[in-house]
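**Q** Show me how the following folds:
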Amino acid sequence: LASRSLSLVQLAARSMFQVCRNVLATDLSWPTYQAAVTQQALASDCQITTVPLRESIFHDGWTADDVTSFMARAYADNQCDGLFLPTVDNLGIRVPIRAIVERIRQTSQIPFVLVDAAQAFCHVSLDDSISVADFIVFGSHKWMKAGQPMGIGLFGNRSTQQLISNTLRQISETGSDLDPLMQFTEQLDGGSLNGH
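**A** The predicted model follows:
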């Protein structure tokens, strides 16, 4: 839980670039999240490869199979080792995340899959994303009278859960860059409140 979903994207990106050197993304990502992932790539001396999809989907009529094939080729051609994808972009394009991940896994490893489900949560099923993602970020910021928490993250793949938990613990110990709500829940989980 976090006050802002952006804090969870930053946490996930920091975790992702511990195991990935070149993450594949698309032009369908929310610009603020894309910037956060790109910033973490640079800070980690890694890179993010962003491929265009929107124009081909809207103007060339690409299907889910076209998108899946294109993403698998782009992953291989750019020697990527991670994915950052939205479940649904802000214009309503639904990304076939499970199909993309399964196609890539036929020939390559994917150490980390980060999914932005902000546009999808409680609108479309997240089952496909949860089945292949390492971390999924969404929030309640679009719900009337939602209050807190605004950012919600879910662990997907159990094999990377410890990596993300360790990253959160490291951030929590230094006290820097930590969202106040995340800091509080980490203190509750660890049984050591800071007195406030």
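
**Q** give the contact list for the residue nearest in space to the middle of the chain.
**A** Closest to where the C-alpha atoms of the chain average out (C-alpha atoms, centre = their mean) is L114, at 2.9 Å. By C-beta atoms under 8 Å, 6 or more residues apart in numbering, the contact set of L114 is 9, 12-13, 16, 23, 37, 82-85, 133-135, 137. Yep, even glycine has a C-beta here, placed from its N, CA and C like the rest.

**Q** cutoff 10 Å now
**A** The contact partners of L114, taken as C-beta atoms under 10 Å, 6 or more residues apart in numbering, are 8-9, 12-13, 15-16, 20, 23, 25, 33, 37, 82-85, 133-137, 153, 156.

**Q** D134 now?
**A** 12, 15-16, 19, 82-83, 110-115, 155-161, 163-164.

**Q** One more pass at 6 Å, please.
**A** Residues near D134 by C-beta atoms under 6 Å, 6 or more residues apart in numbering: 112-113, 156-157, 160.

**Q** returning to that earlier point: among the contacts of L114, name the ones in strands.
**A** Judged by DSSP state E, the subset of the contacts of L114 located in strands is 23, 25, 82-85, 135-137, 153.

**Q** Now A99. Its backbone dihedrals?
**A** Per-residue torsions, A99: phi -60, psi -40 (degrees, to the nearest 10).

**Q** I'd like to know how many residues surround it.
**A** When neighbours are counted by other C-beta atoms under 10 Å, A99 registers 18.

**Q** Pretty sure it sits against S69.
**A** No. A99 is beyond contact range of S69, at 9.6 Å (criterion: C-beta atoms under 6 Å).

**Q** Do a quick rundown of the helices in the protein.
**A** Taking DSSP state H, the helices of the chain run over residues 5-19, 31-43, 54-60, 64-77, 97-105, 127-132, 161-174, 180-190.

**Q** show me where pLDDT drops low in the protein?
**A** 1, 120-122, 140-149, 175-179, 181-183, 186-187, 190-191, 193-196 (pLDDT under 70).

**Q** Please repeat the previous calculation with a cut-off of 80.
**A** The chain contains residues with pLDDT under 80 at 1-4, 119-126, 139-150, 172-196.

**Q** and the closest residue in space to Q40 that isn't next to it in sequence, how far is that from R158?
**A** Spatial nearest neighbour of Q40, excluding adjacent residues (C-beta to C-beta, 6 or more residues apart in numbering): A13 at 3.8 Å. Distance of A13 to R158, computed by C-beta to C-beta, to the nearest Å: 20 Å.

**Q** Could you check which of the two is surrounded by more residues?
**A** More crowded of A13 and R158, by other C-beta under 10 Å: A13, with 30 against 8.

**Q** thought the more buried one was touching A35?
**A** No. Using C-beta under 6 Å, A13 makes no contact with A35, being 10.4 Å away.

**Q** Of the helices of the chain, which is nearest L91?
**A** Among the helices of the chain, the nearest to L91 by C-beta to C-beta is helix 54-60 (7.6 Å).

**Q** got the CA coordinates for that closest one in CSV?
**A** The C-alpha trace of helix 54-60 is given here as CSV (Å, rounded to 0.1, in the frame of the first residue of the first chain):
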residue,chain,number,x,y,z
ARG,A,54,-0.3,2.8,-30.7
GLU,A,55,0.0,3.9,-34.3
SER,A,56,-0.1,0.3,-35.6
ILE,A,57,-3.1,-0.6,-33.5
PHE,A,58,-5.1,2.5,-34.3
HIS,A,59,-4.2,3.0,-38.0
ASP,A,60,-3.0,-0.4,-39.2
